[in-house]
Structure formats: structure tokens, C-alpha cells
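> Sequence and predicted model, in that order:
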Amino acid sequence: MTEANQTAETPDRNPPVTYSPEIANIICARIAEGQPVTKIVKNPDMPSQATIYQWLKDKPEFAESYARARKDQADTLASEILEIADEKVDGSDQAQRQKLRVDARKWIASKLKPKVYGDRHEIDLTVKDKTAVLTGEERALLQVETLKEIGQAKRITEG
């Protein structure tokens, strides 16, 4: 494919933008405000999506700021959920659209900040390993008792 074809096929492609802390801060601020990268790159002064992803690989300071911005984005989305829920609804179509908007934001927030917005699954598990404190003789007796119990259970199910 020639360079002319590449330009013709992607006419809205952003011109190359050189990395700078100022541009990085603008991108991160917009992400924290809830804007997706796909919307940010529509601005002709911003780098392309591919460039942003390359900066994430090449610029550790940008990657760190970007990660913080994504966590902040979860809080912004949570605030938007409240605003959407408080909007007046006229008709079931609008109510369905609002539900979809809320659900999308809930899902994204749960992925960006799972400890805060994710589903909580608490598991209370207590393990008592008696064999850890047993002597060799006690452990052998426990094994014999266990084998006897298995034999009895087997006889009951077979018999």
C-alpha cells in the first residue's frame, strides 16, 4: 500500500504529535473527566490512539499518570451514574436508554476500580491442619483411623 493510499483510507488521522508532559497531562485530565481515548483523539491537536498506546509503553511517567487517571475516571463514572439516575424520564424507551447508560458506567467503573465499585465476594475460610502439630506416631494413628472410616463407608455403600 502506498503512502497516498494510507492517507486516503484514513483521512481523519491525526498528524504526528511529539510527546510532552503538557500533552500527557491534558490526555490524563480528560480521561479522569470520563472521556474515552477514542473521543480524545478526535481533537486534531491530540496524538492518534496508536501514539498514545506507544507512549504508554515508552514513557513510564505517562503510564503512571494514565493509570491514576483511569482510576479517577471510575469515580467520575460513578458521579455520572447518580446524575443519570436523577434525570426525568419520559417513556419506556428513554428509561431503557438510561438503564443502559447506567449499566455501562457501572461495568466500566467496576473494572477500573474493582475494590471500590466491583462486586464483593467475601469468603470466610478457616483451615485447621491438625497434622501440622502432630508427632509422627499421632499422624500414623490419624491415618489408620481415616482408613478405617473410609473402609466402613465403602462397606455401607456396597452392602
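Received it, and whenever you're ready, just let me know what you need.
> From here on, just use CA atoms for contacts and neighbour counts.
Will do.
> out of everything not next to it in sequence, what's closest to the spatially most central residue of the chain?
The C-alpha lying nearest the average C-alpha coordinate of the chain belongs to Lys111 (C-alpha atoms, centre = their mean; 2.5 Å). Nearest non-adjacent residue to Lys111, counting by C-alpha to C-alpha, 6 or more residues apart in numbering: Gly118, 6.9 Å away.
> mind listing what's buried in stretch 67-82?
67, 69-78, 80-81 (16 or more other C-alpha atoms under 10 Å).
> scratch that, stretch 90-98
Gln98.
> chain center to it, what's the gap?
Chain-centre distance of stretch 90-98: 28 Å, with C-alpha atoms, centre = their mean, to the nearest Å.
> for stretch 64-81, same thing?
The answer for stretch 64-81 is 11 Å, by C-alpha atoms, centre = their mean.
> which residues are contacting it?
Residues outside stretch 64-81 that contact it (C-alpha atoms under 8 Å, 6 or more residues apart in numbering) are 25, 28-29, 31-34, 56, 101-102, 105-106, 108-110, 112-113.
> The same query, at a cut-off of 7 Å, please.
If you take C-alpha atoms under 7 Å, 6 or more residues apart in numbering as the criterion, stretch 64-81 is touched by Cys28, Ala29, Ile31, Ala32, Glu33, Gly34, Val102, Arg105, Ala109, Leu112, Lys113.
> Quick check: helices, which of these are part of them?
Secondary structure assignment by DSSP state H places Cys28, Ala29, Ile31, Ala32, Val102, Arg105, Ala109, Leu112 of those in helices.
> any weak-confidence spans in the chain?
Scanning the chain for pLDDT under 70 picks out 1-13, 125-133, 159.
> would you list every one of the helices in it?
3-9, 21-32, 37-40, 49-58, 60-86, 92-112, 114-117, 136-158.
> Dump the C-alpha coordinates for the third one into CSV.
Spelled out, that is helix 37-40. What follows is helix 37-40, C-alpha atoms only, in CSV (Å, rounded to 0.1, in the frame of the first residue of the first chain):
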residue,chain,number,x,y,z
VAL,A,37,-9.3,7.8,24.4
THR,A,38,-11.4,7.3,21.2
LYS,A,39,-13.0,10.7,21.9
ILE,A,40,-9.8,12.4,22.9
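> re earlier: so can I have JSON lines of the contacts of stretch 64-81 showing neighbour count and distance to Phe62?
Listed next are the contacts of stretch 64-81 as JSON lines, based on neighbours: other C-alpha atoms under 10 Å; distance: C-alpha to C-alpha, whole Å:
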{"residue": "Cys28", "neighbour count": "25", "distance to Phe62": "9"}
{"residue": "Ala29", "neighbour count": "18", "distance to Phe62": "12"}
{"residue": "Ile31", "neighbour count": "24", "distance to Phe62": "13"}
{"residue": "Ala32", "neighbour count": "22", "distance to Phe62": "14"}
{"residue": "Glu33", "neighbour count": "17", "distance to Phe62": "17"}
{"residue": "Gly34", "neighbour count": "20", "distance to Phe62": "18"}
{"residue": "Val102", "neighbour count": "19", "distance to Phe62": "30"}
{"residue": "Arg105", "neighbour count": "20", "distance to Phe62": "25"}
{"residue": "Ala109", "neighbour count": "23", "distance to Phe62": "21"}
{"residue": "Leu112", "neighbour count": "20", "distance to Phe62": "17"}
{"residue": "Lys113", "neighbour count": "16", "distance to Phe62": "19"}
